[in-house]
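>>> Structure of the sequence below:
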Amino acid sequence: MSEPIRVGALRGIVMRAPGITATKGFYENNWGLTIAREEDGAVYFRGTGDEPFVYGLKDGPVYGIEYVHFSMPDRASMDALHRQVVAKGATALGEPAEFDDFAGGYGFEVLDPDLRRLRFRTGAETAEAKEEWARPRKVSHVVLNSGDMDGVEQWYVDVLGFRVSDYSADQMVFLRCATDHHSIALVRGHYASVNHVAFELPSINEFMRSIGRMKEKGLHPTWGPGRHGPGDNPFAYYVSPSGFVIEFTSEIQQIDEHTHEAQVWPRDVPEKMDQWMTAGPPTSAQRAVMQGRPDPGFPELKGNQP
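Purely as a prediction, here's the structure:
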């Protein structure tokens, strides 16, 4: 049996919420991103890497995800991924085509089982990488809550070629599409929602300096700094002005496909949740905000498909 076509890499994410573009100053002045493009009702930010944008804000009626953004190496792999998605019975939103937005490129969109919109793009415009100290380079990973974690996990594995890196008891699964330990993680929840979005700093020193920059602005982590067990990455979580949880991270584990074996990490051993034990396990208040607000996704798009 042949290996499934695998998604290339995570590019970033666009969030939607009522009046969310009014919070752009937080991301530019505090979080360390740079505005790449402003449009009517939308703002897009770049990091210091070569992606044209890594994070977006779009005004909309609900609190949730506009789309999660992925790359593919080339048009041939994009077309192959689309054929695989269709063959697996997933909801592809049309055929691969040229995008008409400022990032350009070629690709298509699909709905996952929780009706989240995923966008795949190749041949996008590139930005010139910047050497800026203690500024996020990229979106490291997106963590999603789901009322059907097991079913959604199987969908990402079967339809998009993701692989399981690790589990956190029976409550969380970490999925990779490239060498980063996880680009997507799923949490067992009561409904579909955003758990958090993590931004990568190039080094541990820049991670700590970013926390310092936020402190100078009067902003303190709601959880962290600490260092996760699964993924071995440092963490510092904040709550954005719109109520979404965002994270600084760095040095995420790189997976060797030939030697890595997924393990189940316990959740009742504090040092497995935070190796440094500087933050300890998340508080009940932190867990509550990470449950997020229910995100209905795009049921109207599913209804438009044959």
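>>> Please identify which helix or strand holds P230.
Counting by DSSP states H and E, there is no helix or strand that carries P230.
>>> can I assume it is in contact with R176?
No - here P230 lies out of contact with R176, judged by Cβ atoms under 8 Å, at a distance of 11.4 Å. For glycine as for every other residue, the C-beta is placed from the backbone atoms N, C-alpha and C.
>>> list the residues that contact both of the two?
Both P230 and R176 are in contact with S165, H182, where contact means Cβ atoms under 8 Å, 6 or more residues apart in numbering.
>>> helix, strand or coil for the spatially most central residue of the chain?
Central residue of the chain (Cα atoms, centre = their mean): V142, 2.2 Å from the mean position. Look at V142: counting by DSSP: H, G, I helix; E, B strand; the rest coil, its state is strand.
>>> Pretty sure it sits against V187.
No - using Cβ under 8 Å, V142 is not in contact with V187; the gap is 11.4 Å.
>>> circling back: okay, and the beta partners of the residue nearest to the centre of the chain?
I184, V197 (DSSP bridges).
>>> burial count for the closest residue to V54 other than its chain neighbours?
Residue nearest to V54 in three dimensions, not counting chain neighbours: G12, with 3.7 Å by Cβ to Cβ, 6 or more residues apart in numbering. By the criterion of other Cβ atoms under 10 Å, G12 has 26 neighbours.
>>> ok, what's across the strand from G12?
H69.
>>> how many neighbours does G243 have?
13.
>>> For the chain, which helix or strand comes out least confident on mean pLDDT?
Every helix and strand of the chain was ranked by mean pLDDT, DSSP states H and E. The lowest is helix 299-303, at a mean of 86.
>>> which parts of that one are buried?
For helix 299-303, the neighbour count (16 or more other Cβ atoms under 10 Å) marks L301 as buried.
>>> tell me what that helix is packed against?
Counting by 3 or more Cβ pairs under 8 Å, 6 or more residues apart in numbering; DSSP states H and E, no packing neighbours are recorded for helix 299-303 among the helices and strands.
>>> Mind listing residues that contact it?
Contacts for helix 299-303 (Cβ under 8 Å, 6+ apart): T91, L93, L111, L115, R117.
>>> and if you look at stretch 49-61?
Residues contacting stretch 49-61 (Cβ under 8 Å, 6+ apart): 11-21, 23-24, 27, 33, 36-37, 41-47, 66, 102-103, 124-129, 136-139, 197, 199.
>>> what about it, how long is it end to end?
This stretch, stretch 49-61, spans 31 Å end to end (Cα to Cα, to the nearest Å).
>>> what about the stretch 101-250 of the chain, any weak spots by pLDDT?
The stretch 101-250 of the chain contains no residues with pLDDT under 70.
>>> Show me where it has its helices.
149-160, 204-216 (DSSP state H, counting those that start in this stretch).
>>> Rebuild those helices as CSV, extending it with mean neighbour count and distance to R287.
Formatted as CSV, these follow (neighbours: other Cβ atoms under 10 Å; distance: least, Cβ to Cβ, whole Å):
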stretch, mean neighbour count, distance to R287
helix 149-160, 18, 16
helix 204-216, 17, 21
